[in-house]
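1. would you be able to build a 3D model of this:
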Amino acid sequence: MGLIRRLRVTHRAIQKAMLGVSLRDKIRNVEIRRRTRVTDIAQRVAKLKWQWAGHIVRRRDGRAKVLEWQPRTGKRSVGRPPTRWTDYIRRVAGSRWIQAPQNRGMWNSLQKTYVQQWTSIG
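-> Just a heads-up that it's a prediction; the model follows:
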């Protein structure tokens with residue numbers, strides 16, 4: 001949640017600098033986005049993450065292990081574990097998400113759902 005918020009704030013600041021707009025002008029964010037014709041940064045990041053996950057899983061050299069990282073000790077720290085990137089993917093694509101990217105049509109259709117869920121968190 002914090003990451004999405006920080007990305008959006010920084011992106012908005014860059015857009016305001018591009019337009020020469022200050023906070024005193026009191027122009028809404030929607031208007032700034034309309035003027036610059038730039039999509040929401042959180043949506044772009046979510047889309048790229050989804051595409052990268054599909055790319056890594058489709059590779060035949062075993063790089064998909066990177067997405068299923070486990071600590072060396074086999075144990076995680078006490079308390080609620082932090083949500084992993086694959087946990088969000090698993091919510092959209094299901095428990096057998098490792099096989100899902102092989103069917104590109106299905107994987108691309110799930111992308112919109114993932115982007116919507118990931119950006120609604122922030």
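
2. now the phi/psi pair for the residue nearest the centre of the chain, please.
-> By CA atoms, centre = their mean, the chain has its centre lying nearest to residue 46, at 2.6 Å. Backbone torsions for residue 46, taken as degrees, to the nearest 10, come to phi -60, psi -40.

3. quick one: it and residue 115 touch, right?
-> Yes - Residue 46 lies in contact with residue 115 (CB atoms under 8 Å); the separation is 4.3 Å. C-beta here means a position set from N, CA and C on the backbone, and glycine is covered the same way.

4. thinking again about what came up before, dump the residue contacts of the residue nearest to the centre of the chain.
-> Neighbouring residues of residue 46 by CB atoms under 8 Å, 6 or more residues apart in numbering: 114-115, 118-119.

5. those residues: which two are farthest apart?
-> 114 and 119 (9.4 Å; CB to CB).

6. what does the pLDDT read for the closest residue in space to residue 29 that isn't next to it in sequence?
-> Excluding the flanking residues, the one nearest residue 29 by CB to CB, 6 or more residues apart in numbering is residue 12, at 5.9 Å. Predicted confidence (pLDDT) at residue 12: the value is 89.

7. for residue 69, same thing?
-> So residue 69 comes in at 66 (pLDDT).

8. can you pull the contacts of residue 35?
-> Contacts of residue 35 (CB under 8 Å, 6+ apart): residue 19.
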